[in-house]
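Student: only the shape, not the letters, is given here:
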């Protein structure tokens with residue numbers, strides 16, 4: 001007898017081959033029983049939608065049917081027919097059921113509204129729920145959109161190292177890497193650890209950013225982008241921070257501030273449009289179950305140009321708001337780093353559209369940003385989004401060797417391991433710039449989820465490295 005090939009649920013639901021015998025495999029979402037007929041909703045992860053299996057209980061062992069509970073894994077062979085019920089166009093009349101794995105009543109993902117906190121404790125199983133299936137399919141689609149955008153615009157995908165001896169942001173909050181025996185560390189007279197016998201012979205860490213190496217790529221290939229994991233040993237327990245997350249960092253030679261802002265806006269609109277075009281079912285589910293304003297908010301981003309303003313103009317707007325009675329948790333003054341509440345006020349209440357803010361005080365920005373002629377501000381550019389706050393941070397880079405060295409000395413940045421970075425300013429320096437987009441923040445925006453721990457399969461946060 002010829003073996004019946006398995007068909008994915010997403011393809012079955014679009015099929016019109018009525019009367020054909022098909023095979024579907026997946027996990028049970030629900031099982032409703034009666035004397036006359038059983039309905040089993042089966043899902044294999046290929047789509048948010050289930051295929052309905054119609055079962056005549058007289059044709060199957062009663063004990064077997066009783067064991068088919070939510071979470072059980074089945075293979076079903078049956079006839080594809082037009083559905084009699086509302087909600088689906090096709091269903092399968094079950095003829096043969098093979099149980100791959102039963103699922104007991106202690107299964108944590110039973111069909112009821114668990115809290116997201118409960119699901120985080122069961123991150124190994126939460127992926128099987130409708131919500132997390134939708135989020136992960138959208139995450140995949142956003143990765144595809146990113147590669148597609150840059151490929152179509154002449155950028156080269158560039159792999160920056162994950163193990164590094166440099167601290168790009170100067171923040172010092174890095175995960176150190178060592179093969180040394182931590183119970184028996186050699187130290188010098190000052191009590192500092194000697195790394196001569198370590199694997200790399202020096203202090204090394206997990207990268208916080210691929211930008212510095214990306215700049216090297218841009219000065220050779222013209223336009224590159226990195227897309228990989230980055231790590232911050234920052235003790236932040238907030239809905240916006242992860243210790244391990246993914247970053248997209250394009251870097252472009254011969255770009256100025258206006259072109260950089262154009263790139264940021266065009267890129268993010270492309271990604272949002274891709275989600276609307278390719279993730280319709282998942283977005284509609286999340287719009288219904290998680291955030292009823294999601295799809296309207298995504299469309300609103302596409303309908304209008306982003307507002308562009310300087311940091312100084314932004315501060316003036318915020319100061320005016322305070323004068324007229326608007327209360328903020330953090331005080332507003334020129335020179336401060338904007339808090340999320342300030343960013344969201346500008347985006348959600350004042351302009352009611354995404355904002356690209358530029359020309360920040362040099363004291364609150366990284367050493368590599370190009371200085372303006374006023375001597376006070378730098379050509380940094382942040383894209384601020386509704387509900388998220390900062391979603392992109394970028395800048396034109398300082399290409400002048402002397403200005404860069406002065407800034408490094410002012411900020412007391414140890415540059416002994418950064419000679420290679422300074423070489424780009426010594427040998428054929430060029431104007432260049434780029435930005436960093438936290439991938440998970442993009443996914444937060446596109447899915448309407450409220451916590452960044454719920455848009456990555458296995459979140460890494462302080463005191464949490466399970467699974």
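Tutor: Okay, I see it. The structure displayed is predicted, hence computed values, not measured ones.
Student: only C-alpha atoms from now on, for both contacts and neighbour counts.
Tutor: Noted.
Student: list the residues that contact residue 52.
Tutor: 39-42, 90-92 (Cα atoms under 8 Å, 6 or more residues apart in numbering).
Student: in CSV: those, plus neighbour count.
Tutor: Supplementary listing: these in CSV, determined by neighbours: other Cα atoms under 10 Å:
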residue, neighbour count
39, 20
40, 24
41, 19
42, 27
90, 22
91, 24
92, 28
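Student: what are the contacting residues of stretch 275-285?
Tutor: When contacts are defined by Cα under 8 Å, 6+ apart, stretch 275-285 is touched by residues 47-48, 131, 134-135, 137-138, 141-142, 294-295, 298, 446-447.
Student: out of those, who has the most neighbours?
Tutor: Among the contacts of stretch 275-285, the one with the most neighbours (other Cα atoms under 10 Å) is residue 447, at 28 neighbours.
Student: so who does that residue touch?
Tutor: If a contact means Cα under 8 Å, 6+ apart, then residue 447 has 135, 138, 283, 286, 294 as its contacts.
Student: what about the fourth one, which SS state?
Tutor: Pointing back at residue 286 there. Using DSSP: H, G, I helix; E, B strand; the rest coil, the structure places residue 286 in helix.
Student: for it, the count of nearby residues, please.
Tutor: One way to gauge burial is a neighbour count; for residue 286, by other Cα under 10 Å, it gives 23.
Student: which residues in the stretch 251-400 of the chain form strands?
Tutor: Per DSSP state E, counting those that start in this stretch, the stretch 251-400 of the chain carries strands over the ranges 307-310, 355-361, 377-385, 389-396.
Student: doesn't residue 98 belong to a strand?
Tutor: Yes: assessed with three-state DSSP, residue 98 lies in a strand.
Student: my read: it touches residue 78, true?
Tutor: No: because the distance of 11.7 Å does not satisfy Cα atoms under 8 Å, residue 98 is recorded as not touching residue 78.
Student: these two: which has the busier surroundings?
Tutor: Here residue 98 and residue 78 are set side by side on neighbour count (other Cα under 10 Å), and the busier one is residue 78, at 21 against 12.
Student: between the contacts of stretch 275-285, which is nearest residue 28?
Tutor: Nearest to residue 28 among the contacts of stretch 275-285 is residue 48, at 13.1 Å by Cα to Cα.
Student: what secondary structure does residue 406 sit in?
Tutor: Per three-state DSSP, the local secondary structure of residue 406 is helix.
Student: look at it and say how many residues are nearby.
Tutor: A total of 12 residues lie near residue 406 under the criterion other Cα under 10 Å.
Student: do residue 101 as well
Tutor: Here the count is done by other Cα under 10 Å, and residue 101 has 12 residues near it.
Student: wait, it sits on residue 70?
Tutor: No: checked against Cα under 8 Å, the pair residue 101 and residue 70 is beyond contact range at 11.1 Å.
Student: residue 125 should be in a helix, yeah?
Tutor: Yes: when the secondary structure is assigned by three-state DSSP, residue 125 falls within a helix.
Student: which helix or which strand is home to the closest residue to it other than its chain neighbours?
Tutor: The spatial neighbour of residue 125 that comes closest, neighbours along the chain excluded (Cα to Cα, 6 or more residues apart in numbering), is residue 109 at 7.0 Å. For residue 109, there is no helix or strand it lies in under DSSP states H and E.
Student: mind listing what residue 109 touches?
Tutor: Contacts were defined as Cα under 8 Å, 6+ apart; by that measure residue 109 touches 71, 119, 125-126, 128-129.
Student: 10 Å instead, please
Tutor: By Cα atoms under 10 Å, 6 or more residues apart in numbering, the contact list for residue 109 reads 29, 70-71, 118-119, 122, 125-129.
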